[in-house]
Structures are given as structure tokens and as C-alpha cells.
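[1] Turn this into a model:
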Amino acid sequence: MTIGDRIRSARKEKGLTQSELAEKLGISYMVISQYERGIRNPKLDTVRRIADALGVDMQSLYVGFFLLDPIDMLLNGGIPHDPYEDYELSCLKRAMQNMTDDEKKRLLQLAQTAFPNAFD
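    You can find the predicted model right below:
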């Protein structure tokens, strides 16, 4: 079960719509929809706010976030892995640790050229 699934389940248990939860948080209902569908992952502070708005324990929504798996850390070069971060983003971060500043700039230029809509 993903964090989005847990948010959806807790929201429905409280009888709230996405719009009602979003209003309590002061954000767009589209953001709640994206969290619930796994398109976006909320930051830790946002999870805390969602838990407060739903009247649930934050850990019930963010199970596993604070656990460091030693094997996962070995595979990630000793870096604790956030299980809710995209795998692709995690790979890019690791790769960029070994790049020079010039290589990072070139990568950004390539990404901006290849995916201009992502940088709007």
C-alpha cells in the first residue's frame, strides 16, 4: 500500500472529498488527487499536515519513511533511500554526485532541450 493509498483510505474513512481535504490544507484538490494516484509524493511536513487534517497518526500514513534498510543503503552508495522518491530521480541524484559542475550543466541543458515542457 502506497502513501497515496493510505491518504485516500483515511480521507474516505473520515467522509471527506478530495476538495474538502484540500481546503483544510489550503492546497488544490488536484494535488490531493496526484498524491492519491502516486503521481506526486508529499513532503514530510505535508504528510504531517494531512495527518492532522484527517485526525490520524502521521506514521500511519508514512509507514517505513524513517526505516533505513542496510541493503538498500549499500545499493545507494550509503545514502538512505526515501521509499517514496521516484527510482529514476534517485538514480539521477547518485549519478550527479560523480559529475563535475560542467557535466551537471550539460545534463541540465540536455534535459531542458529534450523535455522543454517539464521546465515551464
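[2] Tell me how far stretch 42-57 lies from the chain's centre.
    Between the mean C-alpha point of stretch 42-57 and the mean C-alpha point of its chain there is a distance of 13 Å (C-alpha atoms, centre = their mean, to the nearest Å).
[3] Show me which residues of that stretch are buried.
    If you call a residue buried by 16 or more other C-beta atoms under 10 Å, then stretch 42-57 has these buried ones: 42, 47, 49-51, 53-54, 56. For glycine as for every other residue, the C-beta is placed from the backbone atoms N, C-alpha and C.
[4] Give me the residues contacting that stretch.
    Taking contacts as C-beta atoms under 8 Å, 6 or more residues apart in numbering, the residues outside stretch 42-57 that touch it are 3, 7, 10-11, 14, 16, 21, 24-25, 35, 58, 60-62, 65.
[5] Taking the residues you listed, please make a ChimeraX selection of just the buried ones.
    With 16+ other C-beta under 10 Å as the burial test, the buried ones among the contacts of stretch 42-57 are selected in ChimeraX as follows:
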select :3,7,10,11,16,21,25,35,58,61,62
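[6] Looking at the contacts of stretch 42-57, which one is closest to residue 114?
    For the contacts of stretch 42-57, the minimum distance to residue 114 (C-beta to C-beta) is 27.1 Å, reached by residue 35.
[7] Can you tell me the element the closest one falls in?
    If you go by DSSP states H and E, residue 35 is part of helix 29-36.
[8] same for that helix, what does it pack against?
    Packed against helix 29-36, as judged by 3 or more C-beta pairs under 8 Å, 6 or more residues apart in numbering; DSSP states H and E, are the following elements: helix 3-13, helix 18-25.
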